[in-house]
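Q: Just a sequence and a predicted model for now, questions to come.
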Amino acid sequence: MTLLANESVFKSNKETVTVPYCEDSYIEFEIDIWPDGSTPYLMSWLDGVPSSAKVYESTDYFFQSNPKNIIIGSDDCDVQIYMIKVYQKHLTNEQHLTNFIMDASSAEEIVNRFNRNNILDDNGEISYAKLIEKNPNCDVYLYEIPRMTTNKKDFVEGCSYRRYKGNTSP
C-alpha cells in the first residue's frame, strides 16, 4: 500500500487499485478487503462513508509472501498520520461508522458525529424522518415501486415518489 497526497494505491497479485482523495485536506481513510463470499471486493471509506468499491477475481489475493512496509508520502508531498488500525477481520458497515465517530479528535466532534449519524430506528433500519431531520441540506427521495425489474424494457406502472428537502414537507 502506498499513501500519497491525493491517492492511495493497493496492489494485489493481478491488479492495482487506486483510491483518490483530496489533497491538502484532513481525511479519515479506511480500506476493507473482503476475500470471502461469492464476490471478493475491496471497499474504501472516506470520512465514514463508502467511497469506492472494486470487485476482484477470487483467484487474486493481497497476501504478500515477502511483506513490504506501507509507503507514506513521496519526494513531492507530506502525509500526516495520526492513527493506523489493522484488523484481522472484515468490519461491518456499523463498525466502520462507529470507528469514524469514536476516532474524532475531540469529545465535541464525537458527539456531533454521533448525533448526525443517529438515523436508525429501534429495529436497526434507516428512519427516514431522522435522516431528513439530521441532514437538512440533503435531498431525500422515497420511492414506492410495486416490483423490481430485470431489464430496462420492462416498464413498471404505478410508481411514485416523495421528495424531502431538509425538514420540509414532501
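A: Received, thanks. Being a predicted model, the structure only gives us computed values, none of them experimental.

Q: pLDDT-wise, which helix or strand of this protein ranks last?
A: When each helix and strand of the chain is scored by mean pLDDT, DSSP states H and E, strand 71-72 comes last, with a mean of 77.

Q: quick one, helices of the chain?
A: For the chain, the helices defined by DSSP state H occupy 93-102, 107-117, 128-134.

Q: Reformat these as TSV; add mean neighbour count.
A: Any C-beta I mention is one placed from the backbone N, CA and C, and that applies to glycine too. Formatted as TSV, the helices of the chain follow (neighbours: other CB atoms under 10 Å):
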stretch	mean neighbour count
helix 93-102	15
helix 107-117	13
helix 128-134	15
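
Q: closest to I31 out of those?
A: Closest to I31 of the helices of the chain, according to CB to CB: helix 93-102, at 10.6 Å.

Q: that older thread, now for the helices of the chain, which one comes closest to K153?
A: helix 128-134 (30.8 Å).

Q: For the closest one, name the packing helices and strands.
A: Helix 128-134 is packed against helix 107-117, strand 139-144, with contacts defined by 3 or more CB pairs under 8 Å, 6 or more residues apart in numbering; DSSP states H and E.

Q: how far is that helix from where the chain is centred?
A: 20 Å (CA atoms, centre = their mean, to the nearest Å).

Q: for stretch 43-59, same thing?
A: 7 Å.

Q: would you put the C-alpha positions of it in CSV?
A: What follows is stretch 43-59 as a C-alpha-only set of coordinates in CSV (Å, rounded to 0.1, in the frame of the first residue of the first chain):
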residue,chain,number,x,y,z
MET,A,43,-14.0,-1.1,-0.3
SER,A,44,-12.6,2.3,0.6
TRP,A,45,-14.2,4.6,3.2
LEU,A,46,-13.5,8.3,3.4
ASP,A,47,-14.8,10.2,6.5
GLY,A,48,-17.0,7.3,7.5
VAL,A,49,-18.7,7.0,4.1
PRO,A,50,-18.1,4.2,1.5
SER,A,51,-16.3,6.0,-1.3
SER,A,52,-15.4,3.3,-3.9
ALA,A,53,-15.6,-0.4,-4.3
LYS,A,54,-13.5,-2.7,-6.5
VAL,A,55,-14.5,-6.3,-7.2
TYR,A,56,-11.6,-8.6,-7.9
GLU,A,57,-11.2,-12.2,-9.1
SER,A,58,-11.4,-15.0,-6.5
THR,A,59,-8.1,-16.3,-7.7
